[in-house]
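Engineer: kindly generate the corresponding structure for this input.
(one chain, ligands or ions: 1)
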Amino acid sequence: MSALKILVIPGSLRTGSLNARLAAVAAHELAQAGAEVTRISLVDFPLPIYDGDLQAKSGVPKHAVNLKRMMAAHHGVLIVTPEYNSSVPALVKNTIDWVSRVQDAHETRGQVFRDRVFAIASASGNRLGGARALAALRLILSACHATVIPNQLALAFADDAYDEMDRLKNAADAEGLKALVRQLIEVSQRMM
Ligand SMILES: Cc1cc2nc3c(=O)[nH]c(=O)nc-3n(C[C@H](O)[C@H](O)[C@H](O)COP(=O)(O)O)c2cc1C
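Structural biologist: Numbering: from 1, shown residues only. Alright, predicted model coming up:
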């Protein structure tokens, strides 16, 4: 069997992003569990705000097509999103909106969501850890007919969540991440 490939996407561009840090720790955990991991930054996939006129005039931007193809080359996708005003940041929603418009040859529009497994996580400095963004993100991905695994991680007080080895200090957080990774791998393997 070929190696299980997982794509990790942090939903923040910010230098020192709490979510990019959690994405890095999750990528490490996934690799430890035997997955072949690609971790990207959305800074390499800049997209204008979705506009139907723009799409009608110029088609879907190449960065959305490239990101869709990158997703298609993986069995599972982990999105690690910040919470903005109790929901997902525009960056995350806009990226999903554009990718959901991509239709390569021999596929239906948005097929990349239907054919693979998604896991979601969030990190925030407050005590909810971005849980409301996860609810929003689960709804968005479900609307795209993605399989979103039940386990998720909302990392609370994320600016103080790590030890000096960059491991999650809190046992419940560490176990939550392990459980998410295990389930993402299991479900992705079933869908391979
Ligand atoms: C516009 C805006 C709205 C925010 N709203 C929330 C919120 O609703 N809940 C929350 O936990 N944090 C909120 N935050 C704080 C972010 O969680 C915090 O800035 C976090 O560090 C952003 O993620 P990042 O570090 O990965 O960039 C908000 C931040 C911004 C800029």
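
Engineer: residue 56: what secondary structure?
Structural biologist: helix (DSSP: H, G, I helix; E, B strand; the rest coil).

Engineer: longest strand in this protein, please.
Structural biologist: Once the chain is assigned using DSSP state E, the strand that runs over the most residues is strand 147-155.

Engineer: and that one with the ligand, contact?
Structural biologist: No. Using Cβ under 6 Å from any ligand atom, strand 147-155 never reaches the ligand; the gap is at least 9.0 Å. C-beta coordinates here come from the backbone N, C-alpha and C atoms, glycine included.

Engineer: got a list of contacts for that strand?
Structural biologist: Outside strand 147-155, the residues that touch it by Cβ atoms under 8 Å, 6 or more residues apart in numbering are 18, 22, 116-124, 128-131, 134, 138, 141-142, 161, 168, 173, 176-177, 179-180, 183-184, 187, 191.

Engineer: report the buried residues of the helix or strand following it.
Structural biologist: Scanning forward in sequence from strand 147-155 by DSSP states H and E, the next helix or strand is helix 171-190. For helix 171-190, burial by neighbour count (16 or more other Cβ atoms under 10 Å) applies to 173-174, 176-178, 180-181, 183-185, 187-188.
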